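Colleague: Have a look; sequence and predicted model below, questions after that.
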Amino acid sequence: MIEVTNLTKHYVGRTAVDNLSFHVEPGEVVGFLGPNGAGKSTTMRILAGYLPPSEGSAKVNGFDTFKQSIQARRSLGYMPENAPLYLDMRVKEYLHFRGALKGLAGRDLRRRTGEVMEACSLEDVRRKIIGNLSKGFRQRVALADALLGRPPLLILDEPTNGLDPNQIKQIRELLFTFKSRQTILLSTHILSEVEACCDRILLLHHGKLRANDTPQNLVKRLRVTSDVHIELSGGKDHESHLSQITGVRKITADKSEAPWHRFTLRVEARADIREALFDLALKQKWQVRELHRELPSLEDVFTELTMSDH
Ligand SMILES: Nc1ncnc2c1ncn2[C@@H]1O[C@H](COP(=O)(O)OP(=O)(O)OP(=O)(O)O)[C@@H](O)[C@H]1O
């Protein structure tokens, strides 16, 4: 559905996308991640036909987004960052107007406008002026616009940007209803959104692809350490006993209420020391009221892959 090959985009004095190659298969929901300025919006704009590449190519549904721009654009619905809308138009009027621009007409245009308003829960506000809507509703109007032409591919650039937690949840639930029906490329800074919705992650840094895998595999492959928390009472010299366990790199004493002691043990990535900890507690006659391991999260993956400058 998307084929990006050696794509490069130079702006004056800056390379925003640097020799980028990736594929998105039909039906996949792919999260496009990266720190600010990584080149996500630039790549999405090239895919949506808004910008020409400097080098390389991008194809959507088999059509080159620059050389066969009209056919490529018919295959996708694009929701740009901070979705620009005509604020003095009413919701239904706007969608009608946009549908006509996308080549819909007559009964089909009316039916499709109704369908996208229903899909995006806009029926109650269909007569409202867009400029008077909350940001969450405006994002839904932009999403409805992207859906109008029944495109097989949706390209969504930070669809939940600037929304409050309830609105984010609503948009996420909406996207979830599109899953399995639609191919989606979604850029976002909200990692829980990616974990909830995406089959695969493309992680961009300085315009280059840093990772291309499922969220689960990325977390598994991560080289960072994990933390084990234990809260215990009784005995003494806890830290020196704990440091004897194989795989423990660092011990931190956390705040706790007497007579309890709380420690965080940083351990090597693949080591699971929980059984050894349990055995130690039995041997030392410690009472234990908490013991749990905290695995690396997608946030740790993001940090590890994007903190360096290379
Ligand atoms: N029209 C432009 N002219 C010059 N430089 C630009 C232009 N658009 C983007 N850039 C620069 O290109 C780089 C990539 O920007 P881009 O907007 O693609 O990143 P992004 O990953 O989408 O970031 P964000 O998460 O902040 O939206 C940035 O350094 C940005 O300043």
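Modeller: The structure has been received and is ready for your questions.
Colleague: Could you pull up phi and psi at the residue most central in space within the chain?
Modeller: The chain has V194 as the residue nearest its centroid, 3.6 Å off, counting by C-alpha atoms, centre = their mean. For V194, the backbone dihedrals are phi -70, psi -40 (criterion: degrees, to the nearest 10).
Colleague: wait, what's in contact with it?
Modeller: Residues near V194 by C-beta atoms under 8 Å, 6 or more residues apart in numbering: 31, 33, 186, 188, 201, 215, 298. For every residue, glycine as well, the C-beta is placed using N, CA and C.
Colleague: Tell me which stretches of the chain form helices.
Modeller: 40-47, 69-74, 91-101, 106-119, 135-147, 165-178, 191-197, 215-221, 238-242, 274-284, 298-306 (DSSP state H).
Colleague: Can you add distance to the ligand and mean pLDDT and give these back as CSV?
Modeller: CSV is the format used below for the helices of the chain (distance: least, C-beta to the nearest ligand atom, whole Å; pLDDT from 0 to 100):
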stretch, distance to the ligand, mean pLDDT
helix 40-47, 3, 95
helix 69-74, 19, 91
helix 91-101, 24, 95
helix 106-119, 26, 92
helix 135-147, 15, 91
helix 165-178, 16, 81
helix 191-197, 13, 80
helix 215-221, 18, 78
helix 238-242, 42, 94
helix 274-284, 38, 94
helix 298-306, 11, 78
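Colleague: Which residue ranges make up each domain of this structure?
Modeller: Domain assignment for the chain, taken from the TED database, gives 2-220, 224-296.
Colleague: contacting residues for I184?
Modeller: Contacts of I184 (C-beta under 8 Å, 6+ apart): 28-30, 153-156, 175, 178, 197.
Colleague: ok, which pair from those is furthest apart?
Modeller: Greatest spatial distance in the contacts of I184: L153 and C197, 15.4 Å, computed using C-beta to C-beta.
Colleague: show me the contacts for K255.
Modeller: R262.
Colleague: now swap in Y50 and tell me
Modeller: So Y50 contacts 78, 80 (C-beta under 8 Å, 6+ apart).
Colleague: Next: Y86.
Modeller: With C-beta under 8 Å, 6+ apart, Y86 has these contacts: 94, 97, 130.
Colleague: Which of the helices of the chain sits closest to H206?
Modeller: Using C-beta to C-beta, the helices of the chain put helix 298-306 closest to H206, at 8.9 Å.
Colleague: elements contacting the closest one?
Modeller: helix 191-197, strand 200-205, strand 208-213, helix 215-221 (3 or more C-beta pairs under 8 Å, 6 or more residues apart in numbering; DSSP states H and E).
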